[in-house]
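Participant: Here is my input; please provide its structure:
(one chain, ligands or ions: 1)
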Amino acid sequence: MPKPLTDEILSKYDRDGYFFPQKILDDQQVAACRTQLEKFEDSQGKPIGGSQRSKSHLLFKWVDDLMRNPAILDPVEELVGPNILCWNTLFWVKEAHSPSFVSWHQDLRYWGLDTNDLVTVWLALSPATLESGCMHVLPGSHRGELMPHKDEFKNDNMLTRGQEISVEVDESKAVAMPLQPGCASFHNGRLAHSSGPNQSTDRRIGISFHYMPTSTDQVVGEWDSAALVRGEDAFGHFVLAPQPAQDFDPELVEFHQKATDAVRDVLFKDAEKVRKTI
Ligand SMILES: O=C(O)CCC(=O)C(=O)O
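Facilitator: Numbering: from 1, shown residues only. Sure thing, here's the model as predicted:
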């Protein structure tokens, strides 16, 4: 069996904190996912939003299936080891011609997780291009101390607190990560990243999956949950999330509410303002 990641990719990840593109889904699978999302949006008469964006594997069986897809987990296992939790799954939808953006930030600054080994897999379900606002990363910024951030709460910022790195980011060193539908980027949770508005005629649809070793602990919130997606959990730091048998299973909807409230409390810790949903 060939290794899921070459030695070259592994050393690039170690040095730069990211790699892309990694093919995950074929065109048919991408179309099936997009249809599921957009059928749901049609049924509720509005785009996915608020807390539906977060821990979405608890609401949608197809997202839970994606979170456990071996094409994602095999490379993730090479990066975080055999016992893997998925802490969150998040939708990142920028509508066509939308000013929505994501300021420069480092995720592990805000998540209360005591690991350096968290990996984010960002999967494109529509073209993520320079025009549609693909992600940019700052190579090597996962090393050393986390940078200081400040909260700006700008309206079009998709981040909870509009948090942004408050020291100068040398954008001339930034690398764009354009992705075709069905491809993913992998980046370390300490890596600085951002993205611009969507100036294209299609929606830019992505889902991020946040994987970490089972040894990780939540050191800010008192209660937190994560899905065990591979191996065993010998630590018990997180309540293990149930797996949906169908979309919007009532018991899981209740669990989702509790789980996303807990994430919101961690994300807004010490913030001056708190949004009701995340
Ligand atoms: O979707 C984006 O543009 C940003 C995503 C992001 O910040 C993340 O996945 O951590």
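Participant: how about the residues of the stretch 101-250 of the chain near the ligand?
Facilitator: Within the stretch 101-250 of the chain, the residues that sit near the ligand (CB under 6 Å from any ligand atom) are Val102, Asp107, Thr120, Trp122, Met135, His193, Ser195, Gly206, Ser208. C-beta: built from backbone N, CA, C; applies to glycine.
Participant: Mind checking which of these are in strands?
Facilitator: If you go by DSSP state E, those have Val102, Thr120, Trp122, Met135, His193, Ser195, Gly206, Ser208 in strands.
Participant: what sits against the fifth one?
Facilitator: Read it as His193. For His193, the contacting residues are Val102, Trp104, His105, Gln106, Met135, His136, Val137, Leu138, His187, by CB atoms under 8 Å, 6 or more residues apart in numbering.
Participant: Go again with 10 Å.
Facilitator: Counting by CB atoms under 10 Å, 6 or more residues apart in numbering, His193 touches 17-18, 102-107, 120, 122, 135-138, 141, 174-175, 177, 185, 187.
Participant: and stretch 197-217, how far apart are its ends?
Facilitator: End-to-end span of stretch 197-217 (CA to CA, to the nearest Å): 34 Å.
Participant: Show me the beta-bridge partners of Leu113.
Facilitator: Using DSSP bridges, the beta-bridge partners of Leu113 come out as Gln218.
Participant: so it touches Tyr211, yeah?
Facilitator: No. Counting by CB atoms under 10 Å, Leu113 does not reach Tyr211; the two are 11.2 Å apart.
Participant: for stretch 132-152, which positions count as buried?
Facilitator: 132-139, 141-142, 147, 149, 151 (16 or more other CB atoms under 10 Å).
Participant: Can I get the residues you listed in a markdown table including pLDDT and secondary structure?
Facilitator: What follows is these, written out as a markdown table (pLDDT from 0 to 100; DSSP: H, G, I helix; E, B strand; the rest coil):
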| residue | pLDDT | secondary structure |
| --- | --- | --- |
| Ser132 | 97 | coil |
| Gly133 | 97 | coil |
| Cys134 | 97 | coil |
| Met135 | 97 | strand |
| His136 | 97 | strand |
| Val137 | 97 | strand |
| Leu138 | 96 | coil |
| Pro139 | 97 | coil |
| Ser141 | 95 | coil |
| His142 | 96 | coil |
| Met147 | 85 | coil |
| His149 | 82 | strand |
| Asp151 | 76 | strand |
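Participant: nearest to Leu79, of the residues you listed?
Facilitator: Nearest to Leu79 out of these is His142 (CB to CB; 12.0 Å).
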